[in-house]
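Visitor: can you look at this prediction? I've put the sequence above it.
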There are 2 protein chains.
Amino acid sequence: MALASENLTKNQKTVLDILENSSEPLKAYTILFDIQKKGIKSPLQVYRALDKLIEIGKVHKIESRNSYVACKHDGCNAKTSTSFLICENCDSVTELTGNNLFSYFSKQAEKNNFNYKKHNLEIFGLCENCKLKN
Amino acid sequence: MALASENLTKNQKTVLDILENSSEPLKAYTILFDIQKKGIKSPLQVYRALDKLIEIGKVHKIESRNSYVACKHDGCNAKTSTSFLICENCDSVTELTGNNLFSYFSKQAEKNNFNYKKHNLEIFGLCENCKLKN
DNA sequence: ATTGTAATGTTATAATATAACATTTATGTT
DNA sequence: AACATAAATGTTATATTATAACATTACAAT
């Protein structure tokens, strides 16, 4: 039984590669444009690769921006939930880790008789670099 | 100086009205379809009304679903940040309130030397009704 | 080998959202 | 009231994001 990331297909590897080498989240059509020289010709090829990568937790979607980012954490457990710090100045994204968020949100949900399953959290503000510059 | 909601224009009132009378979040084109009899003919008229309503805090956008919901809280301070419980079974949405979220997220951000400004939080799971049914 | 599952390639189209620009309405100021 | 100006409107066109449908190919498991 190999790691999921070792079983990636050509298209999936191509898409993951460009995301892992990007300092920022990328949009699907940006990815498409950037990898057309590698034989990917249609949006669907990109979206299908993204779907798979998201499913196995190697990529997360940033909903408010319709963009995609590679996960930097080995064996990331964020297959379902995600938590990001998003810089409004430079668009850089940092993923929050630690399951204290999970337990905190579970409690918040319980107060409303709501059965927590997963979450998306996007925190906006200024990253360390941009704080210093401004 | 009247409340912002008293100054709404015809299109804005029309869009807000349909959202306030909906038990679920609505998509922009659903709104458009439903109010064409009231003289609104183009997507842009809907999006412009939504933009304004979001700006004054009467409507929030649910990013992961591209849908919009009227805020039920008088004088809602969620002009920028939003926190939702979203039922995966029936698609109902409840807005979390209380600024304990604000302080919690500020602290989480600080740990990463990140200057918190606002957030979007979407918690998915089962609402009370759907818990009982399943 | 064969069978089932997943991934691919391709074309077309659906769904979501904004650009550009001319016009009208509302608001505030003299 | 007359004017200036800021906001909202109406309209057409287009940009952006994402999925449907279907035929084909790769590949792993019995």
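Guide: Alright, I've got the coordinates.

Visitor: show me where chain A has strands.
Guide: All strands of chain A, identified by DSSP state E, fall at A:26-27, A:59-62, A:67-70, A:82-87, A:93-95, A:115-126.

Visitor: need these in TSV with mean neighbour count and mean pLDDT, can you?
Guide: C-beta coordinates here come from the backbone N, C-alpha and C atoms, glycine included. Putting the strands of chain A into TSV (neighbours: other Cβ atoms under 10 Å in any protein chain shown; pLDDT from 0 to 100) gives the following:
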stretch	mean neighbour count	mean pLDDT
strand A:26-27	18	98
strand A:59-62	22	96
strand A:67-70	22	96
strand A:82-87	23	95
strand A:93-95	18	94
strand A:115-126	21	95
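
Visitor: find the residue closest to A:Lys72 in space, skipping its chain neighbours.
Guide: A:Glu95 (6.9 Å; Cβ to Cβ, 6 or more residues apart in numbering or on different chains).

Visitor: who does that neighbour bridge with?
Guide: Note on A:Glu95: beta-bridge partners A:Phe84, judged by DSSP bridges.

Visitor: got the contact list for it?
Guide: A:60, A:69, A:71-73, A:78, A:82-85 (Cβ atoms under 8 Å, 6 or more residues apart in numbering or on different chains).

Visitor: still on that earlier bit, nearest to B:Asn11, out of the strands of chain A?
Guide: strand A:115-126 (28.6 Å; Cβ to Cβ).

Visitor: B:Lys111 versus A:Glu24, what's the distance?
Guide: 22 Å (Cβ to Cβ, to the nearest Å).

Visitor: and the two? Which one has more around it.
Guide: Shown here are A:Glu24 and B:Lys111; by other Cβ atoms under 10 Å in any protein chain shown, A:Glu24 has more neighbours (13 against 10).
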